[in-house]
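In: prediction below, plus the sequence it came from.
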Amino acid sequence: MNRKWILVMLTICIAAGLMVFPVLGKAKAAEQTVLATTFPIYQIVRNITQGRDGIKVELMLPSQMGCPHDYALTPQDMQKLAKADILVVNGLGMEEFLGAPVKKANPNIRVIDSSTGIQETLQGV
C-alpha cells in the first residue's frame, strides 16, 4: 500500500511541477526538452506529457542501470544537460552525482524534484 501511495504522490508532484512552469504551458515554436534522470522517472514523465505538442522527453542515465548512487557523469550526460530545458530528478539523495555540474552544463535549466512532499506524506502514514 505504501508503494502505491508513493507512486501516486510522485505522479501528482511531477504533474503539478510540469504545469507550474510556464515554459511548458505556452505554445512555442521551439520544442521543449525534458530530461529525466532515471528510467522510472522517465516513464512517469513520458506518460504525463504524452499527447502534448512541443515536448520531447529524454532519459539521461542508461535504462538498465539499477542504482545511480555511485554514478559519475559522462561527457554525453553533460551534452544532454546542456540541451535540456527541464531536468526531472528523483530526489531524496538519489542523484548526489549531479550537484554543481548541472548548473555548469546549463545555467538556465529548470529542475523539478519529484520527491517534493513525499517525506511529509510518509510521516503521516
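Out: Yes, it's here.
In: so where's the protein uncertain?
Out: 1-13, 15-29, 64-70, 119-125 (pLDDT under 70).
In: run the last query once more with 90
Out: For the chain, the stretches flagged by pLDDT under 90 are 1-31, 37-40, 51-52, 60-75, 77-78, 89-105, 113-125.
In: show me where it has helices.
Out: Per DSSP state H, the chain carries helices over the ranges 2-20, 22-25, 39-49, 75-83, 99-105, 118-123.
In: can you list the buried residues in the fourth one?
Out: Yep, that's helix 75-83 we're talking about. Asp77, Lys80, Leu81 (16 or more other Cβ atoms under 10 Å). From N, CA and C alone the C-beta is placed, and that goes for glycine too.
In: got JSON lines for the residues you listed, with distance to Gly117 too?
Out: Listed next are the buried residues of helix 75-83 as JSON lines, based on distance: Cβ to Cβ, whole Å:
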{"residue": "Asp77", "distance to Gly117": "27"}
{"residue": "Lys80", "distance to Gly117": "27"}
{"residue": "Leu81", "distance to Gly117": "25"}
